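Student: sequence and computational prediction follow.
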Amino acid sequence: MAAKKQQQKIEFTIREKTGTGVCRKIRAKNLIPVILYGPEYKQGLAGTVSARAIAPIANSEARETTVIELGMSDGKECMALIRDVQRHLLTQNIRHIDFYQVLKGHKIKVEIPIRVINKELSPGIKEGGLLNQITRSLSVEIKPRDIPEDIVVDIAELMIGGEIFIKDLTLPEDCDLLTAEDTLVLHISQPRAVSETEGDLLEEGSAEVEVVAKGKAKEGDEE
């Protein structure tokens, strides 16, 4: 099952000046310096976007799968995905963003997050089983308008020992899966129980510690 999302729209102001000093002044105006790359922008097009407008997208887990409609200051419109977000090392504030242009009707390679739901309903987890998620995203080629926010995995009926593979997931229509179908997504393992032998060893170990401790105490009294 794939969770759909709405397309976002951001105003993109083209800029001619570049450089560290210029970017510093841009950020002081609560704007973010950006570069747009893609089929029609192979050399890269410098611009700025509103920090307030782009932050919710850039800070979300679905930032790499959210199609953004850029309203260009030259009157054009362009669909794009966020490809890279540069942040301040200490504050983690956004300092620069790279966009990649996507063309209507053309497929693009993206990584789609995998989200697990209904953990609290899983019989396996209720019985003490441990959920182990091995794969957290899958790679596909898909048209921009069909990119989902994530792929949802429902484990409401998963028992201890149960497994889910990529081939078990419901993918969006007309997408080409690039991740191997036999890739394990998650499984619920048996809770690790302490065996009788381990329990006996633990008890013996405790007894030995207690005896040694008492022995040391007597030696201390004699001194």
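Tutor: Yep, that arrived.
Student: residue nearest the centroid of the protein?
Tutor: E61 (5.2 Å; Cα atoms, centre = their mean).
Student: does that one really touch I114, like I thought?
Tutor: No - at 11.1 Å, E61 does not count as touching I114 under the criterion of Cβ atoms under 8 Å. Where C-beta positions appear, they are placed from N, C-alpha and C, glycine not excepted.
Student: list the contacts for E141?
Tutor: Residues in contact with E141 (Cβ atoms under 8 Å, 6 or more residues apart in numbering) are K107, I108, K109, V110, C175, D176, L178.
Student: most neighbours of all the residues you listed, which one?
Tutor: V110 (21 neighbours; other Cβ atoms under 10 Å).
Student: my guess is it is in a strand, correct?
Tutor: Yes - under DSSP: H, G, I helix; E, B strand; the rest coil, V110 sits within a strand.
Student: for S139, see how far away it is.
Tutor: Computed with Cβ to Cβ, to the nearest Å, the distance linking V110 and S139 is 8 Å.
Student: neighbours around K25, how many?
Tutor: 13.
Student: what about it, which SS state?
Tutor: Going by three-state DSSP: K25 is helix.
Student: mind pulling up the pLDDT for it?
Tutor: For K25, the pLDDT comes out at 94.
Student: dump the contacts of E141 to a markdown table, plus pLDDT and distance to E77.
Tutor: Compiled in a markdown table, the contacts of E141 are given as follows (pLDDT from 0 to 100; distance: Cβ to Cβ, whole Å):
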| residue | pLDDT | distance to E77 |
| --- | --- | --- |
| K107 | 92 | 20 |
| I108 | 91 | 17 |
| K109 | 92 | 23 |
| V110 | 92 | 20 |
| C175 | 93 | 24 |
| D176 | 96 | 27 |
| L178 | 96 | 29 |
